[in-house]
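*Asks:* can't give you the sequence, but here's the structure:
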């Protein structure tokens, strides 16, 4: 139970740090600037709150072809579910399962290359590079998880999550 709370605290700190860096327009990582998306421009429940300006989304398009957008969103949801499953496995001390999940859902495996090439037609080069870096970090995460070290595993997971944050801060469909 103690491991669960440690993992939950680490994830909370990671997400809190991400939110703090977004709010102060940190530029330490590519794409980490939220460019006015946080703070006074946010809507609450789809309605503009009193004293708030309309939110402006200044992220650039990733250039994903229309026919591939639903597939890309589904893949991102799978990635998010995999991160949740990895956190749960770390909390349970099941590093083998965590590594298996990272390998199956966060890496770019052979056989997916053809799908990836088709999907990437028309996609911006920087978006592709960020995606490849994300998948490489997923492979690194899988290897670190095999060591069974909670602290190292959480650091590697945080690194992988930084690619998600950077991408979502920079790009929209």
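*Replies:* Looks like it arrived, so ask away. A quick note: this is a predicted structure, and the numbers were derived from the prediction, not measured.
*Asks:* mind listing the helices for the chain?
*Replies:* In the chain, the helices defined using DSSP state H lie at 2-23, 66-91, 95-106, 113-119, 125-146, 150-170.
*Asks:* mind putting those helices into JSON lines with distance to residue 53 and mean neighbour count?
*Replies:* For glycine as for every other residue, the C-beta is placed from the backbone atoms N, C-alpha and C. As requested, the helices of the chain are arranged in JSON lines below (distance: least, CB to CB, whole Å; neighbours: other CB atoms under 10 Å):
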{"stretch": "helix 2-23", "distance to residue 53": "16", "mean neighbour count": "14"}
{"stretch": "helix 66-91", "distance to residue 53": "28", "mean neighbour count": "15"}
{"stretch": "helix 95-106", "distance to residue 53": "37", "mean neighbour count": "20"}
{"stretch": "helix 113-119", "distance to residue 53": "36", "mean neighbour count": "12"}
{"stretch": "helix 125-146", "distance to residue 53": "28", "mean neighbour count": "18"}
{"stretch": "helix 150-170", "distance to residue 53": "20", "mean neighbour count": "19"}
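*Asks:* mind checking which of those helices is nearest residue 59?
*Replies:* helix 150-170 (5.9 Å; CB to CB).
*Asks:* who are the packing partners of the closest one?
*Replies:* Packing partners of helix 150-170 (3 or more CB pairs under 8 Å, 6 or more residues apart in numbering; DSSP states H and E): helix 2-23, helix 66-91, helix 95-106, helix 125-146.
*Asks:* least confident of the ones you listed, on average?
*Replies:* With a mean of 51, helix 2-23 has the lowest mean pLDDT of these.
*Asks:* hmm, back to that, wait, which of the helices and strands packed on helix 150-170 is closest to residue 58?
*Replies:* Between residue 58 and the helices and strands packed on helix 150-170, the shortest gap by CB to CB is with helix 2-23, which sits at 13.2 Å.
*Asks:* reformat the helices and strands packed on helix 150-170 as TSV; add distance to residue 60.
*Replies:* Supplementary listing: those in TSV, determined by distance: least, CB to CB, whole Å:
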stretch	distance to residue 60
helix 2-23	17
helix 66-91	15
helix 95-106	24
helix 125-146	9
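*Asks:* now for those, which one comes closest to residue 54?
*Replies:* Nearest of those to residue 54, taken as CB to CB: helix 2-23 at 18.4 Å.
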